[in-house]
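Novice: got a predicted structure plus its sequence, pasted below:
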Amino acid sequence: MARLWLLLSACAGFAGVALGAFAAHGLKGRLSAEYLAVFQTGAHYQLIHALALFGVALLARQAPGRLVDLAGGLFALGILLFSGSLYLLTLSGVGMLGMITPFGGLAFLAGWLCLGLAAWRLT
């Protein structure tokens with residue numbers, strides 16, 4: 001599983017940088033300041049959790065376990081739901097997509113909880 005988490009980390013990091021640059025250069029004149037900030041929030045959280053996935057990949061090599069893999073899955077799900085919904089919301093203008101965002105936030109929180117529990121169980 002370590003390889004999967006490392007690959008997801010690399011993909012999420014690459015996409016986060018690309019989307020952040022796209023927002024700064026390609027969307028600056030096309031979106032309102034508020035929507036631009038929302039898009040940047042999605043990129044910010046994506047990049048943070050790309051690094052979290054990198055940490056999960058390292059931990060999965062040293063101390064593999066169900067909680068470590070669950071943390072990785074929840075971080076990936078959080079990126080998809082949280083950041084993805086913010087990207088779609090700003091690009092489409094469909095406000096109802098904002099209802100998905102909190103589920104991504106809960107996935108992030110659950111991922112950090114699983115990571116903490118995995119650390120607690122280390123001997």
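Specialist: Perfect, thanks for sending it.

Novice: Ala12 contacts Ile79, correct?
Specialist: Yes - because the distance of 5.5 Å satisfies CB atoms under 8 Å, Ala12 is recorded as touching Ile79. The C-beta positions use only the backbone N, C-alpha and C, and glycine is treated the same way.

Novice: list residues touching both of these two?
Specialist: Common contacts of Ala12 and Ile79 (CB atoms under 8 Å, 6 or more residues apart in numbering): Gln46, His49, Ala50.

Novice: Ala12 and Ile79: which is more packed in?
Specialist: Looking at Ala12 and Ile79 with other CB atoms under 10 Å, you find the greater number of neighbours at Ile79, namely 28 against 24.

Novice: got a pLDDT number for the more buried one?
Specialist: Reading off the per-residue confidence, Ile79 sits at a pLDDT of 98.

Novice: what sits against it?
Specialist: Remark: with contacts taken as CB under 8 Å, 6+ apart, Ile79 is in contact with Ala12, Tyr45, Gln46, His49, Ala50, Gly104.

Novice: what's the closest of the residues you listed to Ala21?
Specialist: Sorting these by distance to Ala21 puts Gln46 at the head of the list, at 12.8 Å, by CB to CB.

Novice: so that closest one touches Val17, yeah?
Specialist: No - the pair Gln46 and Val17 fails to qualify as a contact (CB under 8 Å) at a distance of 9.3 Å.

Novice: neighbour-wise, which of those two wins?
Specialist: It is Gln46, of Gln46 and Val17, that has more neighbours when counted by other CB under 10 Å, with 24 against 14.

Novice: nothing else from me, thank you.
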